[in-house]
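In: Sharing a model that was predicted from the sequence below.
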Amino acid sequence: MQVALKELKKHGYDLLNLVNDYKRGDITSLDNKTLVYKNIPEGLMYLINHKHNNKITFNNKLNTFGTMIDVSRGAVFNINYIKNIIRKHALMGVNELWIYMEDIYELKKYPVFGYMRGSYSKEEIKEIVEYANLFGIEVIPAIQTLGHMEQFLRWLGQTAKYKDQSNVLLARDETTRELIYEMLKTIKEMFNTSKIHIGLDETWGFGFGTFYKKNGYVPQIDLFLEHLNIVNDMALEVGFKDVLVWSDMFFRFFSEKNSYYDTNITFNEDVISKIPKNVNLVYWDYYNKNYELVYKMLKNHLNVTEKVTFASGTWIWSRLTYDKNKTDSYIDTHIKATIDSEVKDFILTQWMDDGAYGDHETTMLGVFEASYKALTKSSKINYEVYKEINNEDYKDSVKRSLLHTTKMAQVGMLWDDPLFSVYLNSFTNNELENFDEILKEQKNLVNVYKNNDKFKYEYLISSINYYKILGRKKMLEGYFNGNIDVEDIYNKIIVNLEDLINLYRDRWYNNYKMYGLEIIHSRLYLQKGRAKEMIIISKLFNKGKINKIDGLTDEVAIFNEHLYEKHSLIAYTTKPH
């Protein structure tokens, strides 16, 4: 505890002299001037609240309150930023940190593994693990040993022999087994833990690609359990004891609806007997708020094994900042169902899907609020504690999350093409009378953030999108009237995009390795280029050099229907491959 407190003081958190002594105990509490602590993070959470005269009582219901950071979607967090996360999360009671890596670690025998992806060296991982250990946080490797391997498998000249589907490894194959063994062996050398997460989620088409051509039909559940046992045996061989797997495919294999959240599924003894006793099923759920469903899903897991972890989330994926409303709509149910079912391990995931454009730092708000709900008998939070940990007023962090309160997703509008407007059209039907209400809502969002430098990122996004909507409306009006005047509007977009590019550059160079920024650059510079093109098109139209602007008045087929905001789905008229 003393080592943790001294390290915190180096970084501006002075808790050293709040009590006279520290000792381990079953429940974290203050006994006269002695802090009794169950684990170091709970002790730190107690102390920082005590400093601000906020008495908290721990409920002692969970063994693990953890978080998972995703470094596989483009943004590879640098060591200093991970240390920053560790300090802040420790002060929020987090005692376990998963690092979701896919191919973001070096395999010396496989140079193409993680090639040009910013993979961590053995020395970097050890530095992270040792630093987390100062704060009583166990760092768990979360890798993939079947699906989600598209980054590795794209180098077909060297990896075709490992491929079943485009993102799934070839099971029942000796070269694949050798690869996975090397993964597990290398990971064990890097991490100081007996636990490993081997993935196995979302293995779409598993067994029906190259595997089917080589071996013919094998029932997916049989092949899946066979592969699980092979990987588990290798994990035990290299020194791991507890092996975690995402549980979704177990349910999908048996669901007539191909649904993970199918509560009618029961597992027969034959299946249960083939799941190794040391395997922990991780139930991930970010989409269900119905308590009865969530509780039954947990009970279904517990009918298979006593080793169950609930993975909820602090929503940052497909978002530009943390989405408090989305998280709040699920988190209470998830925590209550976990505690009521007597599951002891609870994790908050922070996925960085679609290029890691979301500001990860904003997720601190979600972890902070969840920590009180999951760990204490009272969910009352202290705003001064929040400010000390995160160096930002609580109300300002909440305001950042207002970016997600509009009908349209801001990220969908940001990636949308200004001419073809696949995303915008799904809200306006490309009809002029539908623009004013959307423009009003967007203008209100701009006003939330304007004239305040601390919200420059949010202001730029909301402002760019306001002018994109306005520009689209003016293009339509001018087209029908025979003269398009949009140069000023699109020049404002261009200026704001340049500022946004600079903000992303600063974030990347401060918090991440350089890999992945080119993805963000390609998207934002594309938007700059397309804004310039709108000016060119309007001038050509006004001069009579073109008399028809393709796409501008096309009939809309997708209206009042949810479009997933992934860049590749809405930024182009043809999905790139």
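Out: Alright, I've got the coordinates. Residues are numbered from 1 along each chain as shown.
In: looking only at pLDDT, what's the mean for stretch 413-433?
Out: Throughout stretch 413-433, pLDDT has a mean value of 97.
In: What residues of it count as buried?
Out: Buried residues in stretch 413-433, counted by 16 or more other Cβ atoms under 10 Å: 413-428, 430. In this view, the C-beta of every residue, glycine as well, is placed from N, C-alpha and C.
In: swap in stretch 450-469?
Out: Quick answer for stretch 450-469 (16+ other Cβ under 10 Å): 455, 457-469.
In: same question, stretch 345-357
Out: By 16+ other Cβ under 10 Å, the buried positions in stretch 345-357 come out as 345-357.
In: In the chain, where is pLDDT below threshold?
Out: Within the chain, the set of residues satisfying pLDDT under 70 comprises 379, 577.
In: domain ranges for it?
Out: Domain assignment for the chain by automatic domain parsing gives 2-319+328-356+367-391, 406-570.
In: Between its first and last residues, how far does the longest one reach?
Out: Pointing back at domain 2-319+328-356+367-391 there. End-to-end distance of domain 2-319+328-356+367-391: 23 Å, with Cα to Cα, to the nearest Å as the criterion.
In: And stretch 272-289, by the same measure?
Out: 28 Å.
In: partner strands of the helix or strand encompassing residue 98, parallel or antiparallel?
Out: Using DSSP states H and E, residue 98 falls within strand 96-100. Here strand 96-100 is paired, per DSSP bridges, with strand 64-70 (parallel), strand 138-142 (parallel).
In: Provide a list of residues in contact with the residue most central in space within the chain.
Out: Against the mean C-alpha coordinate of the chain, by Cα atoms, centre = their mean, the closest residue is residue 351 at 1.1 Å. Residues near residue 351 by Cβ atoms under 8 Å, 6 or more residues apart in numbering: 70, 73, 100, 313, 316-317.
In: Residue 327: which of these is nearest?
Out: Taking Cβ to Cβ as the measure, residue 313 is the one of the contacts of residue 351 closest to residue 327, at 7.1 Å.
In: re earlier: got the CA coordinates for the strand holding residue 98 in CSV?
Out: What follows is strand 96-100, C-alpha atoms only, in CSV (Å, rounded to 0.1, in the frame of the first residue of the first chain):
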residue,chain,number,x,y,z
GLU,A,96,-8.1,-6.4,-12.7
LEU,A,97,-7.1,-5.1,-16.1
TRP,A,98,-7.6,-7.0,-19.3
ILE,A,99,-5.6,-6.0,-22.4
TYR,A,100,-7.4,-7.1,-25.5
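In: Just checking, which helix or strand succeeds it along the chain?
Out: Once the chain leaves strand 96-100, the next helix or strand it forms, by DSSP H and E, is helix 122-134.
In: for that following helix, packing partners?
Out: With contacts taken as 3 or more Cβ pairs under 8 Å, 6 or more residues apart in numbering; DSSP states H and E, helix 122-134 sits against helix 2-10, helix 79-91, strand 138-142, helix 174-190.
In: Same list, the ones you listed, but as JSON lines with distance to residue 510 please.
Out: Converted to JSON lines, those look like this (distance: least, Cβ to Cβ, whole Å):
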{"stretch": "helix 2-10", "distance to residue 510": "19"}
{"stretch": "helix 79-91", "distance to residue 510": "7"}
{"stretch": "strand 138-142", "distance to residue 510": "22"}
{"stretch": "helix 174-190", "distance to residue 510": "25"}
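In: Of these, give the one that comes closest to residue 439.
Out: Per Cβ to Cβ, nearest to residue 439 of the helices and strands packed on helix 122-134: helix 79-91, 37.5 Å.
In: For the stretch 301-450 of the chain, just list every one of the strands.
Out: 308-313, 345-350 (DSSP state E, counting those that start in this stretch).
In: can you put those in a markdown table and add distance to residue 503?
Out: Below are the strands of the stretch 301-450 of the chain laid out as a markdown table (distance: least, Cβ to Cβ, whole Å):
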| stretch | distance to residue 503 |
| --- | --- |
| strand 308-313 | 25 |
| strand 345-350 | 20 |
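In: which stretch among these comes nearest residue 154?
Out: That would be, of these and by Cβ to Cβ, strand 345-350, which comes in at 24.6 Å.
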